[in-house]
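Trainee: Sharing a model prediction with you, sequence too.
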Amino acid sequence: MTGIRSAVSLDAATLGAELGERATLVEFSTAFCQPCRATRRVLTEVAALVDGVAHIEIDAEERLDLVRALGVVRTPTVLVLDRAGRIVRRAFGQPRKADVIAALGQAV
């Protein structure tokens, strides 16, 4: 996962779901993306494991406005948001569970 501090803040209205109390894992996926399914499993597990962390999955094809605004170029793309909705990490492809947990350390 690459470190990236962003001035952009995302909120529940923009994402269509409530942010986590401590951090949020945002996954951009598509219906036919095989790595997206595995990524969903990893992020769901991590969100269940770490208190105050939410996982939000966004269908990239349905939210092209957000995809373009955030520069998402492939799926899966995972954004780690801090409690204020600021992007603190970004990753492309299927992440490992340990990498997601480590990235959360920068958000909480």
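Mentor: Looks like it arrived, so ask away.

Trainee: can you tell me how far T77 sits from G52?
Mentor: Distance, T77 to G52, using Cβ to Cβ, to the nearest Å: 23 Å. Using the backbone N, CA and C atoms, a C-beta is placed for each residue, glycine as well.

Trainee: Tell me which of those two has more neighbours.
Mentor: T77 (22 against 14; other Cβ atoms under 10 Å).

Trainee: Summarise which helices and strands the helix or strand G105 falls within is packed against.
Mentor: For G105, the host element (DSSP states H and E) is helix 97-107. On a contact count with 3 or more Cβ pairs under 8 Å, 6 or more residues apart in numbering; DSSP states H and E, helix 97-107 meets strand 23-29, helix 34-49, strand 77-82, strand 87-92.

Trainee: Point out where the protein drops to low pLDDT.
Mentor: For the chain, the stretches flagged by pLDDT under 70 are 1-7.

Trainee: how about the nearest residue to the spatially most central residue of the chain, chain neighbours excluded?
Mentor: Geometric centre of the chain, nearest residue: V26, 2.1 Å, by Cα atoms, centre = their mean. Once flanking residues are discounted, V26 sits nearest to L79: 4.3 Å by Cβ to Cβ, 6 or more residues apart in numbering.

Trainee: rewinding a little: of all the helices and strands packed on helix 97-107, which lies closest to L10?
Mentor: strand 77-82 (6.1 Å; Cβ to Cβ).

Trainee: The closest one relative to strand 23-29, how many degrees between them?
Mentor: 160 degrees (axes from the mean of the first three to the mean of the last three Cα atoms, to 10 degrees).

Trainee: For V73, which non-adjacent residue is closest in space?
Mentor: F92 is the one closest to V73 (Cβ to Cβ, 6+ apart), at 7.7 Å.

Trainee: And stretch 34-46, what's buried?
Mentor: Neighbour-count burial for stretch 34-46 flags C36, T39, R40, V42, L43, V46 (criterion: 16 or more other Cβ atoms under 10 Å).

Trainee: ok, now stretch 87-107?
Mentor: 87-92, 94-95, 100-101, 103-104, 107.
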